[in-house]
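In: Pasted the sequence and its predicted model underneath.
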Amino acid sequence: MVGRTIVVRRDVQAEQKREADAERELLGSRGTLVVNMVSSPGAGKTSLLAEIAQHWQGRHSMAVLVGDIETDRDAQRLAPFVPVTQLTTGGACHLELPLVYRGRMALGDPQVDFLFIENIGNLVCPASHDLGEHLRVVLLSVTDGDDKPAKYPKMFRTSHALIISKCDLLNYVPFRTEEAIRDAKSIQPKLSCFEISSLRRFGISELCRYFENERLRRVGSPIREKSNESAAL
Amino acid sequence: MHELSLARRILRQVEELRNEYVDQHISAVELEVGLMSGVDPDILAVSLQDEQVDRDKPVEFVINVVPVLAHCSKCQKDFQVEHYAFSCVLCGSTEIEVTGGDCVRIMSITVEDLEV
Ligand SMILES: Nc1nc2c(ncn2[C@@H]2O[C@H](COP(=O)(O)OP(=O)(O)OP(=O)(O)O)[C@@H](O)[C@H]2O)c(=O)[nH]1
Ligand SMILES: [Mg+2]
Ligand SMILES: [Zn+2]
């Protein structure tokens, strides 16, 4: 029996890519910039989100969906500062769009300037899952080691910004900031880089300005004043 | 990545293709796995096999791993990206566009007439 070969050329993830694009489009059209925050476990994502929420208090609205394998501890930490929902994967090492969507609904589908998604601490799998974000930002803490961009290239390749965290510890660990940035930029030349400390509170306002500018650029509408927002409801 | 769920997704898509070629049997499927897709081709191959154990005529999957390809917007060179170094190998420009090697695709299927 002779076979006949038929050319197909179909991206097997085309459907998920369309769904993520639709999510991006929808939230963008409402003036919400979606940020997917990734890092190795414990690089300081939750601590940074608490700082950002306090920095923007009374100026810009934000909400957080925080992913973990187990517990709602991060949501409890953030609850005093910002509307937050815990996404618990029960084992999965990354977030996927359907869970993020359910979390957004559980939070009452908030109309906010910024929606942050704290991904599971993992520099591998989250790189391959588009959550419909406008920006992907990767935290690299100085205690992680400056070799991580070169070792986990896809995560850095698919990110828009690199946030070097826990810079207050630079005197105690042999972390070469320039090497980390150089490696990361050879993988992704368009990366914007920031050096911060949530503990000592430096670099936060520069980073927040970056988010504000990216929101203007990508989502297009100016920051809504709090008063307009409630009037529009 | 998640080769098992990807394998299931691929088999579902093969099933959809089967509906387009009703009186034919899909004997083989050629897949392309990009080096930057995040997918391990060996684990994917095993997952595809495992998911088909109950089938009397399993589809044969041929997996080709393809390199990451890019195009330089400055000097127009097409080149292969090695070790995640994303700048032009000819002129050094970072204004490059990735043209392949970042996804998994069904490239072709082989169909045979069903015996009557
Ligand atoms: N020295 C120092 N420690 C920090 C800083 N930011 C966070 N930490 C500490 O680092 C640890 C982890 O911080 P988290 O904010 O929980 O990190 P995370 O990335 O959210 O962790 P997971 O969600 O578990 O992946 C905590 O003990 C924090 O107190 C910082 O800027 N400097
Ligand atoms: Mg956390
Ligand atoms: Zn060039």
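Out: Arrived safely, thanks for sending. Ligands and ions are numbered 1, 2, ... in the order given.

In: Tell me the residues of chain A that contact chain B?
Out: Neighbours of chain B within chain A, by CB under 8 Å from any CB of the partner chain: A:1-13, A:124-125, A:127-128, A:150, A:153-154, A:157, A:186-190. Using the backbone N, CA and C atoms, a C-beta is placed for each residue, glycine as well.

In: Give me the pLDDT value at the closest residue to ligand 2 within chain A.
Out: Here chain A gets closest to ligand 2 at one residue, A:T46, 3.4 Å apart by CB to the ion. Per-residue confidence (pLDDT) for A:T46: 98.

In: what sits against it?
Out: For A:T46, the contacting residues are A:66, A:74, A:77-78, A:118, by CB atoms under 8 Å, 6 or more residues apart in numbering or on different chains.

In: Narrow these to those in helices?
Out: Secondary structure assignment by DSSP state H places A:74, A:77-78 of the contacts of A:T46 in helices.

In: Filter those down to the buried ones and hand me the PyMOL line.
Out: Paste this into PyMOL to select the buried members of the ones in helices among the contacts of A:T46, with burial taken from 16 or more other CB atoms under 10 Å in any protein chain shown:
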select buried, chain A and resi 74+78
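
In: Near ligand 1, which residues of chain A? Just list them.
Out: Within chain A, the positions lying close to ligand 1 (CB under 6 Å from any ligand atom) are A:39, A:41-47, A:74, A:121, A:165-166, A:168-169, A:197-199.

In: Which residues in stretch A:126-146 does the neighbour count mark as buried?
Out: A:126-142, A:144, A:146.

In: can you give me the helices in the chain?
Out: In the absence of a named chain, this looks at chain A. A:14-29, A:45-56, A:73-78, A:97-106, A:148-151, A:153-157, A:177-187, A:204-219, A:226-232.

In: think we crossed wires, I meant chain B
Out: Counting by DSSP H, the segments of chain B that form helices are B:3-20, B:41-50.

In: any residue of stretch B:82-91 up close to chain A?
Out: Yes - residues of stretch B:82-91 contacting chain A under CB under 8 Å from any CB: B:84-87.

In: Can you show me the CA trace of that stretch as PDB?
Out: The C-alpha trace of stretch B:82-91 is given here as PDB (Å, rounded to 0.1, in the frame of the first residue of the first chain):
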ATOM      1  CA  GLU B  82      23.400  29.000  18.500                       C
ATOM      2  CA  HIS B  83      23.400  28.900  22.300                       C
ATOM      3  CA  TYR B  84      20.700  31.500  22.600                       C
ATOM      4  CA  ALA B  85      22.900  34.300  21.200                       C
ATOM      5  CA  PHE B  86      20.300  36.500  19.600                       C
ATOM      6  CA  SER B  87      22.400  38.800  17.400                       C
ATOM      7  CA  CYS B  88      23.200  38.600  13.700                       C
ATOM      8  CA  VAL B  89      26.200  36.300  13.000                       C
ATOM      9  CA  LEU B  90      27.200  38.600  10.000                       C
ATOM     10  CA  CYS B  91      26.700  42.200  11.100                       C
END
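
In: for chain B, what spans make up the strands?
Out: Counting by DSSP state E, chain B has strands at residues B:24-34, B:60-66, B:68-72, B:78-81, B:96-100, B:104-113.

In: gap between the residue nearest to the spatial centre of chain B and ligand 2?
Out: Centroid check for chain B by CA atoms, centre = their mean gives B:E32 as the closest residue, at 2.4 Å. Distance of B:E32 to ligand 2, given as CB to the ion, to the nearest Å: 37 Å.

In: Just to check, that residue is in contact with B:P67?
Out: No - the criterion here is CB atoms under 8 Å, and B:E32 misses it with B:P67 at 11.0 Å.

In: any chance of the helices of chain A in CSV, plus distance to B:L48?
Out: As requested, the helices of chain A are exported to CSV (distance: least, CB to CB, whole Å):
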stretch, distance to B:L48
helix A:14-29, 19
helix A:45-56, 35
helix A:73-78, 37
helix A:97-106, 23
helix A:148-151, 29
helix A:153-157, 23
helix A:177-187, 30
helix A:204-219, 38
helix A:226-232, 50
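
In: mind checking which of those helices is nearest B:C91?
Out: helix A:177-187 (15.4 Å; CB to CB).

In: Just the residues contacting the closest one, thanks.
Out: Contacts of helix A:177-187 (CB under 8 Å, 6+ apart): A:140, A:142, A:146-150, A:153, A:156-157, A:162, A:164, A:167, A:170, A:191, A:193, A:195, B:84-87.
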